[in-house]
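In: Sequence first, predicted model second:
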Amino acid sequence: MTTLIRNGRIIDPANKRDEVGDLYIVDGRVSEAPDEKREKTEMIDAAGLIVSPGLIDLHVHFREPGFGWKETIESGARAAAAGGFTTVVCMPNTSPVADSPSTIAWIKDRATEVACVNVLPSGAISRNLAGEELAPIGSLAQAGVVAITDDGHCVQNNELMRRAVEYARMVGVPVLDHCQDYNLVANGLVHEGYWSTLLGLPGWPAAGEEAIVARNVLLAEFCDHRIHCQHISAAGSVRLLREARARGVKVSGEVCPHHIALTDESIQNFDTDFKMNPPLRTQRDIEALLEGIADGTVDILASDHAPHAKFEKEVEFDRAPFGIVGLETEFGLFIDLLVHKHKTIGLPRLIEMLTLNPARLLNLEAGSLSLGVTADVTLIDPELEWTVDASRFESASRNTPFDGWKLKGRAVRTIVAGKTVWQL
Amino acid sequence: MNSATPRWTRKDLLGLRELSAEEINLVLETADAFKQVGTRDVKKVPALQGKTLINLFVEPSTRTRTSFELAAKRLSADIVNISAAASSLTKGETLKDTARVLEANHADIIVLRHGSAGAPQFLATRISASIINAGDGAHEHPTQGLLDLYTIREKRGSVAGLHVAIIGDILFSRVARSNIFALLKMGARVTLVGPSTLVPRDFEQLGVTVSHKLDEVLPTADVVNLLRIQHERQRKEYFPGIGEYIRLFGLTKKRAELLKPDCLIMHPGPVNRGVEIDSELADGPRSVILDQVTNGLAVRMAVLYLCAGVARP
């Protein structure tokens, strides 16, 4: 089987390529132009479109095993495809927690059976995400996790975290960390500042994130191993990462769309679709995140796709779970905000942050259009104006604050191993 | 009411932040009429005859619930009290479902006391009955704010230009927030006083002054409103202990000497005698604590009447 993607602007940061041209896929792999005689060639006209390596989101919650009413590996993968993502990394806060090789094996089997994109598991840092003893990180690595994280939770014991990082270094997996100091944050729900004061909602101070980012900087340096700070939201976190990375410390950070699209002002009607962890913060924080993206301090973008059912979200603000779905709005928001609106970065950099950089962090082959690699490709219309319609999401959940938003730019076709799994 | 009087168009009373000064004045003026009713031999009027009011108190309360119950009875409404312990909420029913069940029973008014900030907003957008906020988490307690305003206005003629000191646990206080929103709208100057942990600087963004030195504030205050120190529910990080609190922020007899002779002493209750306020001061001539209770009845009658007693557009 041969596919020819014609006349697209091929942006492949791994090979420093940015040119209009043709991309051939032969038997699921990126290929040279085949012999003229090959008969069955699928032609895809990509004129006016970007031809990108398949997008990677290293931070999603697909809720299986255990919470299939929120999302399944199947529905989550469809949501990923509809958002232009060909590879996602699912977080281990399932039931049971992904802290054993058997659960990892189950997730991988399930993904092979039902997922239309590559669904890669991460494993827990600590057993049952309890932060008390190490999960069997070596066995998890052998079972195929691409990273370890206690996402949704945060190891508070610095000594345990140190050992986890040392151990992860031995087995060659990066450590991803949800940065939240439990004492500083306590029962915090929203950014501590003007709106928390006005609304009488418990504050989640920026220092609660920054304290753990600082801890991670120290441990990454001490253990000489990569710690990646998930969904950073605060200006101080960017400053800490910038300073540490300038010194060559193996620490990095990711930013989610909602943290640059919305401020804490959005919570004033107590709408739980604006409740996420870490919380929406201030305009000043948004500006710092944008600066971090512009200067390379932040080099990875992610969604923190966190589906919850309507009946779970439609409760009192403090009783609702944290999180929003993100896969189907992620790329549209990033290109709209970062490329079109704020002009923070250009398209090649945006694509690099959603392909090559997460691939490098996780040691994946994906993320490039090099000859011979599995042909995961995303076609993007950077100028397409569209309106978010949550009722048409592929995800099993609808908890988004972006319903009705008008965005410019979106993925229009998602190709996994040479096969189109979704198109607009 | 003359034609210049603004019309009340709200079905709900969720908070004082969204009310205009005109709307607040309308409630206070309506309360004047109902206060007069309370002095008659027959204290009942038919304003809510045939209406059903549910007191849905998901968080315990005695004085607010009683006040609403009496207010509703004096307006001739039929009333049912539901407390959290006796409701399906303890069986895992959601607030939305509980409220829909009440609505299916043709409740016209739901008076909601709830531990979660925003719970009244949540209900108001989902059911058609009038929602009256009787206190939501640390957010608002609008009828308390209104009865405090009413009492100040009654004793001093007007609220505008007065200096009101609110003292104590501001951070966790819905009474403080409703008072701040309303007092500023009505032209008062507001100073918050208390330990820095319970009166964080963020409050200055609301347009008030924050002070941690009570003795410097008392001499210029026209009203001191003492809030209950809820030491039973506070984690110890907020202040070292009651003894130190009294030393720094308690309204002792000695401190009261700094007050103007006509300064009003207010407290939403229940009072911790000897903590926020010296016991004798709470009963003294400047104390209007019991006037607040009496006025609470009139103000709540006014609120129920305005939200549910007259035809709404």
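Out: Everything's here; your move.
In: After the lowest-mean-pLDDT helix or strand in chain A, which helix or strand is next? Please name it.
Out: One helix or strand of chain A scores below all others by mean pLDDT, DSSP states H and E: strand A:41-45, with a mean of 92. Next in sequence after strand A:41-45, counting helices and strands by DSSP states H and E, comes strand A:50-53.
In: Now do that next one: everything it contacts.
Out: Residues from elsewhere that reach strand A:50-53 (Cβ atoms under 8 Å, 6 or more residues apart in numbering or on different chains): A:5, A:8-14, A:23, A:347, A:351, A:355-356, A:366-369, A:376-382. For glycine as for every other residue, the C-beta is placed from the backbone atoms N, C-alpha and C.
In: Flag every residue of the stretch 1-150 of chain B that's near chain A.
Out: By Cβ under 8 Å from any Cβ of the partner chain, the part of the stretch 1-150 of chain B that sits against chain A consists of B:17, B:94-96, B:114, B:116-119, B:121-122, B:136-140.
In: Now the two most distant members of those residues.
Out: B:Arg17 and B:Thr94 (26.0 Å; Cβ to Cβ).
In: Compare those two (neighbour count), which wins?
Out: Using other Cβ atoms under 10 Å in any protein chain shown as the criterion, B:Arg17 and B:Thr94 rank with B:Arg17 on top: 19 against 16.
In: helix, strand or coil for that one?
Out: Classification of B:Arg17 into helix, strand or coil gives coil, according to DSSP: H, G, I helix; E, B strand; the rest coil.
In: quick one: it from B:Gly207, how far?
Out: 12 Å (Cβ to Cβ, to the nearest Å).
In: A:Ile11 now?
Out: Between A:Ile11 and B:Gly207 the computed distance is 51 Å (Cβ to Cβ).
In: Tell me the spacing between the closest residue to A:Ser233 other than its chain neighbours and A:Ala220.
Out: Counting by Cβ to Cβ, 6 or more residues apart in numbering or on different chains, A:Ser233 lies nearest to A:Pro278, which is 4.1 Å off, once chain neighbours are set aside. In this structure, A:Pro278 and A:Ala220 are separated by 20 Å, where distance is defined by Cβ to Cβ.
In: Same drill for these two, tell me which one is more crowded.
Out: In this view A:Pro278 and A:Ala220 are compared by other Cβ under 10 Å, and A:Pro278 has more residues nearby, 26 against 23.
In: can you pull the contacts of the more buried one?
Out: Counting by Cβ under 8 Å, 6+ apart, A:Pro278 makes contact with A:179-180, A:204, A:209, A:231-234, A:259.
In: Can you tell me how far the most centrally placed residue in chain A is from chain B?
Out: The residue at the geometric middle of chain A, judged as the C-alpha nearest the mean C-alpha position with Cα atoms, centre = their mean, is A:Ala302 (2.6 Å). A:Ala302 is 29 Å from chain B, where distance means Cβ to the nearest Cβ, to the nearest Å.
In: how about low-confidence regions in the stretch 101-250 of chain B?
Out: When residues are selected by pLDDT under 70, those of the stretch 101-250 of chain B lie in B:231-236.
In: For it, which segments are assigned as strands?
Out: Read by DSSP state E, counting those that start in this stretch, the stretch 101-250 of chain B holds these strands, from start to end of the chain: B:109-114, B:130-136, B:163-167, B:189-193, B:209-211, B:223-226.
In: Contact partners for residue 73?
Out: Reading this off chain A. By Cβ under 8 Å, 6+ apart, A:Ile73 lies in contact with A:62, A:64, A:90, A:107, A:110-111, A:114-115, A:119.
In: Sorry, I should have been clearer: chain B.
Out: B:Lys73 is in contact with B:44, B:79, counting by Cβ under 8 Å, 6+ apart.
In: Could I get the buried residue list for the helix or strand containing it?
Out: Assigned by DSSP H and E, B:Lys73 belongs to helix B:63-74. Neighbour counts over helix B:63-74 (16 or more other Cβ atoms under 10 Å in any protein chain shown) mark B:64-65, B:67-74 as buried.
In: Those residues of the stretch 151-300 of chain B touching chain A, which are they?
Out: By the criterion of Cβ under 8 Å from any Cβ, the positions of the stretch 151-300 of chain B lying close to chain A are B:172, B:174, B:177, B:200, B:202-203, B:205-206, B:235.
In: Now a PyMOL select for only the buried ones of these.
Out: Under the burial definition 16+ other Cβ under 10 Å, those of these that qualify are selected in PyMOL by:
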select buried, chain B and resi 172+174+177+200+202+203+206
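In: Which members of the residues of the stretch 151-300 of chain B next to chain A are positioned in helices?
Out: Among these, the ones falling in helices (DSSP state H) are B:174, B:177.
In: Could you pull out the strands in the stretch 251-400 of chain A for me?
Out: Under the criterion DSSP E, counting those that start in this stretch, the stretch 251-400 of chain A carries strands at the ranges A:251-255, A:300-301, A:377-387.
In: who touches the residue in the stretch 151-300 of chain B positioned nearest to chain A in this structure?
Out: When distances are taken as Cβ to the nearest Cβ, the stretch 151-300 of chain B reaches nearest to chain A at B:Asp202, 4.2 Å away. Residues touching B:Asp202, when contacts are defined by Cβ under 8 Å, 6+ apart, comprise A:192-194, A:196-197.
In: Where does the stretch 201-350 of chain A get nearest to chain B, which residue?
Out: When Cβ to the nearest Cβ is the measure, the stretch 201-350 of chain A has its nearest residue to chain B at A:Phe270, with 3.1 Å between them.
In: now that residue, nearest residue through space, not along the chain?
Out: Distances taken as Cβ to Cβ, 6+ apart put B:Gly118 closest to A:Phe270, at 3.1 Å, once the chain neighbours are dropped.
In: thinking again about what came up before, name the nearest of the buried residues of helix B:63-74 relative to B:Asn272.
Out: Comparing every one of these with B:Asn272 (Cβ to Cβ), the shortest separation belongs to B:Thr64, at 17.7 Å.
In: was I right about the closest one contacting B:Arg113?
Out: Yes - in terms of Cβ atoms under 8 Å, B:Thr64 counts as a neighbour of B:Arg113; the distance is 6.5 Å.
In: Show the pLDDT at A:Glu159.
Out: With respect to pLDDT, A:Glu159 has a value of 98.
In: Check the secondary structure at it for me.
Out: Three-state assignment for A:Glu159 (three-state DSSP): helix.
In: That one: neighbour count?
Out: Burial of A:Glu159, expressed as a neighbour count using other Cβ under 10 Å, amounts to 8.
In: same deal with B:Ile242?
Out: A count of nearby residues for B:Ile242, using other Cβ under 10 Å, gives 14.
In: Quick check: the gap between it and B:Asn272.
Out: The separation that B:Ile242 has from B:Asn272, given Cβ to Cβ, amounts to 9 Å.
In: now A:Ile56
Out: Using Cβ to Cβ, one obtains 58 Å as the distance from A:Ile56 to B:Asn272.
In: Run a quick check on A:Leu140 versus A:Ile104, I expect a contact.
Out: Yes - taking contact to mean Cβ under 8 Å, the distance of 6.1 Å between A:Leu140 and A:Ile104 places them in contact.
In: Between those two, tell me which one has more neighbours.
Out: Relative neighbour count places A:Leu140 above the other of A:Leu140 and A:Ile104, with 27 against 23, counting by other Cβ under 10 Å.
In: Now do the contacts for that one.
Out: Remark: with contacts taken as Cβ under 8 Å, 6+ apart, A:Leu140 is in contact with A:98-101, A:104, A:123-124, A:148, A:173.
In: sorry, back to before: possible to save the strands of the stretch 101-250 of chain B as TSV with mean neighbour count?
Out: Shown next, in TSV, are those (neighbours: other Cβ atoms under 10 Å in any protein chain shown):
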stretch	mean neighbour count
strand B:109-114	26
strand B:130-136	27
strand B:163-167	25
strand B:189-193	23
strand B:209-211	16
strand B:223-226	26
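In: Let me see the contact set for A:Ala294.
Out: For A:Ala294, the residues meeting the contact criterion (Cβ under 8 Å, 6+ apart) are A:344-345.
In: For stretch B:262-278, buried residues please.
Out: Using 16+ other Cβ under 10 Å, the residues of stretch B:262-278 that count as buried are B:263-269, B:271-272, B:275-278.
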